[in-house]
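>>> Structure of the sequence below:
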Amino acid sequence: MKRNSTPLNHQGLSIEKRGGGMLGGISQEKPGFLGWKCAGFTLLELMVVMSIIAVLAAVLFMGTTEEEKTLLLRNTAHQLAQDLRRAQELTMAAESFTCLGGNETRVFGLSFGSFAMAGWEKKYHLFAFCGDLDAGDTAYDPVRDKEILTVTFPKEIKACDVIIQGQPALSRADILFEPPHPFVYLNGMRAGKNMVITLCFKSDISKTRNVMINTAGKIEVK
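All right, here's what the predicted structure looks like:
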């Protein structure tokens, strides 16, 4: 019987002799600059790849942060609009609260309070109104009125401005809803008025969102 002269390794695979060495059938290739033909990378190649990844990661991170800021401003504006609708819905549902004097009220509102107060631009109040509308009293009073909740804006955001279109500069911002329709009072005014609440970033007041409400009760975000 003729024997195969090619030696076998311990796994039964043939091992060829090349150039006097036992290479197990694997041929060696000489590497070229930035062009290895076998597995592995040069230090220079790794540094180049890592630099590209670092640049892409930095660009992606910056874009995500800016996008998150824009989303935060939009969500804050929608939360304010939602709380305005909540006060409106409480009035329409004929919910009642008992005031300090024992009288019940079905009038609800949202207020930033007086602009003379420090920090007015950082928060607003949702409340049950316990004043006398017939006497022309439409301003939020934290002592008299029954507060339902106070909402503080994220630290990056503030109310930049509050206006009633066609009116002089405001000194406060109070919005009331009186049943049954409900009637809407914007700083005491009931007919044909629009209030615009502008939210912005403290660090960049050019980026804004407007929450608008009119005396017909329409609430929208732009």
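>>> For the spatially closest residue to K218 that is not a sequence neighbour, list the residues it contacts.
Residue nearest to K218 in three dimensions, not counting chain neighbours: M212, with 7.9 Å by CB to CB, 6 or more residues apart in numbering. (C-beta placed from N, C-alpha, C; glycine too.) For M212, the contact set (CB atoms under 8 Å, 6 or more residues apart in numbering) comprises N194, M195, V196, I197, K218, I219, E220, V221, K222.
>>> quick one, phi psi at the fifth one?
Dihedral angles of K218 (phi, psi; degrees, to the nearest 10) stand at phi -80, psi 130.
>>> Tell me the spacing between it and M47.
Relative to M47, K218 is positioned 60 Å away (criterion: CB to CB, to the nearest Å).
>>> quick revisit: now list the buried members of the contacts of M212.
Neighbour counting by 16 or more other CB atoms under 10 Å classes N194, M195, I197, I219, V221 among those as buried.
>>> re earlier: tell me the secondary structure at the residue nearest to K218.
Reducing the assignment to helix, strand or coil with DSSP: H, G, I helix; E, B strand; the rest coil, the entry for M212 is strand.
>>> same check, this time on E89
Bear in mind the rule, three-state DSSP; under it E89 is helix.
>>> how many other residues sit next to it?
The local packing of E89 (other CB atoms under 10 Å) involves 13 other residues.
>>> What does the pLDDT read for it?
What the model reports for E89 is a pLDDT of 95.
>>> which residues sit in contact with it?
Counting by CB under 8 Å, 6+ apart, E89 makes contact with nothing.
>>> likewise Q88?
Applying CB under 8 Å, 6+ apart, one finds that Q88 lies in contact with F108, F177, P182, G217, I219.
>>> Considering these, which is situated nearest to V162?
Each of the contacts of Q88 was checked against V162 using CB to CB; the closest is I219, at 14.6 Å.
>>> I'd guessed that closest one sits against I213; true?
Yes: under the contact definition of CB atoms under 8 Å, I219 touches I213, with a separation of 4.9 Å.
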